[in-house]
Each structure stands twice: as C-alpha cells, then as structure tokens.
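J.: take a look and give me a structure for this.
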Amino acid sequence: MVTTGVVARGAAEAAEIADERLMFGVLGLIGVAVIWLAWSGRWRSWQYAILTFWLVTVWPPTCALFLLYALTAFAVHPVVVVLALLFVLWWLAGWVLLFVRPAWYGPRWYREERRARAAEPPVTNHVPAERNSEQVARAARAPRKPLARRRVLLLDPAFGRPHPAQTEGTAAGHLLLYPDELVFAADRGDDAVRPGPTVRSLIATDIVDIRPDGGTTVTGGQVRLPRLHVETTDGPGWTFEAVRAGATLDDLRQVYLEAPHRP
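T.: So this is what the prediction gives:
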C-alpha cells in the first residue's frame, strides 16, 4: 500500500511538471510570435509606449528560457545546461540594452524611424496666448465655463500634417462642453506647429445624435482609439478619437441629447 501511494504521488508530480512545461512552451511560442511581429515591423505602435523596448531586449531571451525549460521534458542534456547559461547571460544583457537603448540596437525599421525622428525639427509646447487655442476659446466665452473637458483627437483631412511627428488629418486637443455649444480647442503641442489657434464649435441645438464607432484598433502600426461621431442637422458633424470614449460619450449625450434645453 505504501509503495502504491508513493508511485501515485510520483505520477501526480510528474503530470504536474509536464503540465507546467507545456504551459511554458506555449508561452514561449506566443512570445516568439509577438517578437516576430515587433521585429519585422508588422506591429510598430509598441515603440511609442513607455518601457515597451523590453519586447526586443528582455523578452527574446525570456522566451528562449521558456522554450528551453519546455524541452527538458524530453531530456536533460549537457548542451541544454550550456544553452541555459548562455540564455541567462543574454537575459542580463537584455536588461542593459533596455536601459541604455544604444542607437545601433533594434529592428532595422525602428532604427531608421529613430534616426528620422532625431532629424525632425523640435516641437515646443510654449505658444503665445494669441495662438493658444484653449485660452482663445475660453476667453471668447467668459465668464461662462464648460461643464466638462475631454481629451480627443479630431479627425479632418483639412488639418493636413504640419509636422512630421503628427498623423495626417488630425488635431489633438480637448472638447469643451458648454450647455449651448460644443467646442473643440487644440492643445499646445498642436498649436506650436500651426500659424494660429484651432478652435471649432457646434451649436447645441444642431446636434441630433452622438454614436460610437468600434473600439481600439491597430492600423498601419499605429494604435487608433475608439471613434465617436457627432451628427448635426446638416449631416455628419465631427468625428474624433477619444481617450476615454465611454465617459466622453456619456458626457456628450447627457449635455446635448438629454439636457432640458433640447427641443
């Protein structure tokens, strides 16, 4: 009976270890797929997020260790031990590369874009008051104050691309929700690359519908936020991407579709 119990426990432990190795093997394969997307340039938006450089520095040796551990299910060979030591050294070097970020390291497309960004003229957020869109918008409507302020990216081909760092046909800024008027005012970063302020407005009573359009997507290597459409009595009004689309939609509907002043 004792022998049977020991054998059963051994079999259970072996099955648990096998499951664990399988899990690490799957994680390693998924990691390799992510690395391929990032390194080949099919997924590029990771370069704009904080600390995501680990995808091409620390993550590759981590995935290699995952896969190597999974392979020990078949045999523990001296070569495996040597590879494990090399992968650990690679992992440590990855952390150094993560924090140093040398210009020579990274995918080819990443290095080319990095050089291109370094050659671009710098953008300063310091703009005079007469070109500060939000100051201009608020001053024109004083002493009234907006009921809410929401961060958005207004989409319109007319905006063009005044600076290489910008996305074509967009202006970053804020919606100012006044009871009788919906106002868009560009932020200081956008103002700095345009000759004058960017302020647009819609009369509240002209707004007939506000609807969402999908969620976050990745297009052309860029992350695109959820879109909202503001329909007016004259047809399509504004289309913009919202940082907090759900909260922005709720605020807009509450102010312009459910408010007492609606006819």
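J.: tell me the mean pLDDT over stretch 105-113?
T.: Across stretch 105-113, the average pLDDT comes to 83.
J.: just the CA atoms of that stretch, as PDB, please.
T.: Provided in PDB are the C-alpha atoms of stretch 105-113 (Å, rounded to 0.1, in the frame of the first residue of the first chain):
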ATOM      1  CA  TYR A 105      20.400  48.100 -31.500                       C
ATOM      2  CA  GLY A 106      16.800  47.200 -32.500                       C
ATOM      3  CA  PRO A 107      14.900  46.300 -35.600                       C
ATOM      4  CA  ARG A 108      16.100  47.900 -38.800                       C
ATOM      5  CA  TRP A 109      12.800  49.800 -39.300                       C
ATOM      6  CA  TYR A 110      13.000  51.000 -35.700                       C
ATOM      7  CA  ARG A 111      16.500  52.400 -36.100                       C
ATOM      8  CA  GLU A 112      15.500  54.200 -39.400                       C
ATOM      9  CA  GLU A 113      12.500  55.800 -37.800                       C
END
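J.: how far does it sit from its chain's centre?
T.: Mean-position distance between stretch 105-113 and its chain equals 19 Å (CA atoms, centre = their mean, to the nearest Å).
J.: so what touches it?
T.: 38-41, 44, 47, 53, 56-57, 97, 103-104, 114 (CB atoms under 8 Å, 6 or more residues apart in numbering). Backbone N, C-alpha and C define where each C-beta goes, glycine included.
J.: now, among those, which is nearest to Ala158?
T.: Arg44 (26.5 Å; CB to CB).
J.: quick one: neighbours of that closest one, just the number.
T.: Using other CB atoms under 10 Å as the criterion, Arg44 is surrounded by 19 other residues.
J.: so how far is Arg108 from it?
T.: 12 Å (CB to CB, to the nearest Å).
J.: swap in Leu29?
T.: Taken as CB to CB, the span from Leu29 to Arg108 is 24 Å.
J.: what residue ranges in the chain are flagged as low confidence?
T.: 1-18, 45, 47-51, 73-76, 116-126, 165, 215-224, 259-263 (pLDDT under 70).
J.: per-domain residue ranges of it.
T.: Using automatic domain parsing, the domain parsing of the chain gives 2-119, 129-256.
J.: okay, those domains, which one's buried deepest?
T.: Counting by mean count of other CB atoms under 10 Å, domain 129-256 has the highest mean neighbour count of those, with a mean of 16.
J.: which residue ranges form the helices in the stretch 51-200 of the chain?
T.: 59-71, 78-100, 108-119, 133-141, 188-191 (DSSP state H, counting those that start in this stretch).
J.: elements contacting the longest one?
T.: When you say that, I think you mean helix 78-100. helix 59-71 (3 or more CB pairs under 8 Å, 6 or more residues apart in numbering; DSSP states H and E).
J.: ranges for the strands of the chain?
T.: Taking DSSP state E to define them, one finds strands in the chain at 149-155, 170-178, 181-186, 199-203, 207-213, 217-219, 222-224, 227-232, 235-242.
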